[in-house]
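*Asks:* give me coordinates for this.
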Amino acid sequence: MAPTLSFKLNLLFTDEVKDSAGNWQYATAGAVESTSGAAVKLIATKRENHSGNVPIPASMLTATVMFSGHHDSVPQNLTLQGVHDLKSNSETGSVSAASSDFADYIGGQFTFAAGLLQIHPRK
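*Replies:* Model prediction:
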């Protein structure tokens with residue numbers, strides 16, 4: 001079974017774009033996997049506040065974790081989808097897609113709290 005991946009994220013960039021239904025937030029972070037030492041970049045998008053005039057206590061989240069590799073090839077990666085809790089600032093969800101090296105994580109759960117991202121392989 002594949003190991004749980006653990007990353008302490010370092011926020012590099014964040015931007016917010018408002019529209020008539022609320023706002024979108026874009027973020028980029030860097031990290032190193034705690035066991036293997038693999039360097040990654042994470043890019044994320046989340047929809048916040050509300051949809052139309054309906055307040056929602058969480059926002060949708062999509063994030064991609066890209067592992068450092070050769071500059072002339074597509075990096076190994078994991079795509080995360082879930083929710084961002086607006087009260088706790090925590091995130092939960094699952095791995096929706098991955099490159100071949102990380103296929104064992106598709107369907108696995110992820111959590112993010114207090115700057116720590118953990119990605120579990122599917123059971």
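
*Asks:* all contacts plus neighbour counts: C-alpha atoms, from now on.
*Replies:* Noted.

*Asks:* flag the shaky bits of the protein, pLDDT-wise.
*Replies:* Across the chain, the ranges flagged by pLDDT under 70 are 21, 49-53, 70.

*Asks:* what segments of this protein are strands?
*Replies:* With DSSP state E as the criterion, the chain has strands at 5-8, 10-19, 22-32, 39-48, 50-51, 54-55, 58-67, 77-85, 91-98, 109-113, 116-119.

*Asks:* list the helices and strands the first one packs on?
*Replies:* With contacts defined as 3 or more Cα pairs under 8 Å, 6 or more residues apart in numbering; DSSP states H and E, the secondary structure elements packing on strand 5-8 are strand 22-32, strand 116-119.

*Asks:* what's the first-to-last distance across stretch 15-31?
*Replies:* End-to-end distance of stretch 15-31 (Cα to Cα, to the nearest Å): 19 Å.

*Asks:* now the helices and strands packed on strand 5-8 as a markdown table including mean neighbour count?
*Replies:* Formatted as a markdown table, these follow (neighbours: other Cα atoms under 10 Å):
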| stretch | mean neighbour count |
| --- | --- |
| strand 22-32 | 17 |
| strand 116-119 | 18 |
